[in-house]
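[1] Structure for the following, please:
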Amino acid sequence: MHADHVGGLEELAYFQYYKTENPVKLYGPDWLLQDIWSHLRPALEPSVREGGGLANFDWFFDPVPIDHFHDFGDFKVSYTYTRHVPRTLAFKFDFGNFKLGYAPDTGFDHNLIAWLNECDLIIHDAWFGETEALGGNIRNLHTPIADLLTLPEDFQRKTLLCHYADTAYSDSTENPSEEIGAYRLLQQGKVYKLV
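    Numbers count the residues shown, from 1 in each chain. The predicted model follows:
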């Protein structure tokens, strides 16, 4: 629920509300769907509909709870918990001929790496720089590049690094200032062809 991961949810809610008035299907664990409204409520609850009143979650979203595995027909989604703040998730999307793993917030975890390793492409959290930061050991929240560099090259080649600070590269994301092995830095605004 950190803003750097769900910051666009409020804009999505407003867009659908004013353009369609049809709630957006929102998939997630039941507990997460319940938590989302507490984060969005201050901005979304005041109503501007004719007649006023307070808006509620189902004006904007049609929540669909999913378990650790959900079959959407054309693709399947599974999730697991990561080493980060409590109830942080990593996802695996299985499109039949292509699997995408997504672990945007996680400390280094061999079990998570093994879970993701069957994927064709992985997007994984990376921390560049000192691990003693922000009043504690950053390893409890994010994955230092030094730990990622201990992984096999075949894992590195299929992994894009995300959630890194701008200081991870000097002049451009094409010229990282840190050793990144066979990894590549995921770049905002760049279009990636998955298959």
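
[2] From here on, just use CA atoms for contacts and neighbour counts.
    Fine.

[3] Now Phe84: closest residue in space that isn't a chain neighbour?
    Residue 84: His, not Phe. In this structure, His84 finds its nearest non-sequential neighbour in Leu141, 4.4 Å apart by CA to CA, 6 or more residues apart in numbering.

[4] what sits against that neighbour?
    83-85, 105-107 (CA atoms under 8 Å, 6 or more residues apart in numbering).

[5] Most neighbours out of the residues you listed, which is it?
    Thr106 (25 neighbours; other CA atoms under 10 Å).

[6] In terms of helices and strands, where is that residue?
    For Thr106, there is no host helix or strand (DSSP states H and E).

[7] what's near enough to touch it?
    Thr106 touches 82-84, 88, 125, 140-143, counting by CA under 8 Å, 6+ apart.

[8] tell me the pLDDT at it?
    On pLDDT, Thr106 comes in at 93.

[9] Number of residues surrounding the residue lying closest to Asp62 once chain neighbours are set aside?
    Take Asp62 and drop its neighbours on the chain: the residue closest to it by CA to CA, 6+ apart is Lys25, 4.6 Å away. Look at Lys25: counted by other CA under 10 Å, it has 11 neighbours.

[10] The residue of the chain most remote from its centre and Leu149: what is the separation?
    No residue in the chain sits farther from the centre than Gly51, which is 37.7 Å out by CA atoms, centre = their mean. Separation of Gly51 from Leu149 (CA to CA, to the nearest Å): 59 Å.

[11] what's the answer for Gly189, then?
    For Gly189 relative to Leu149 (CA to CA), the value is 26 Å.

[12] ok but the residue nearest to Asp62 is inside a strand, no?
    Yes - per DSSP: H, G, I helix; E, B strand; the rest coil, Lys25 lies within a strand segment.

[13] confidence score at it?
    92.

[14] so who does it touch?
    Contacts of Lys25 by CA under 8 Å, 6+ apart are 61-64.

[15] One more: Asp62?
    Asp62 sits in contact with 23-26, where contact means CA under 8 Å, 6+ apart.

[16] Give the buried residues for stretch 84-98.
    Residues of stretch 84-98 classed as buried by neighbour count (16 or more other CA atoms under 10 Å): 84, 88-94.
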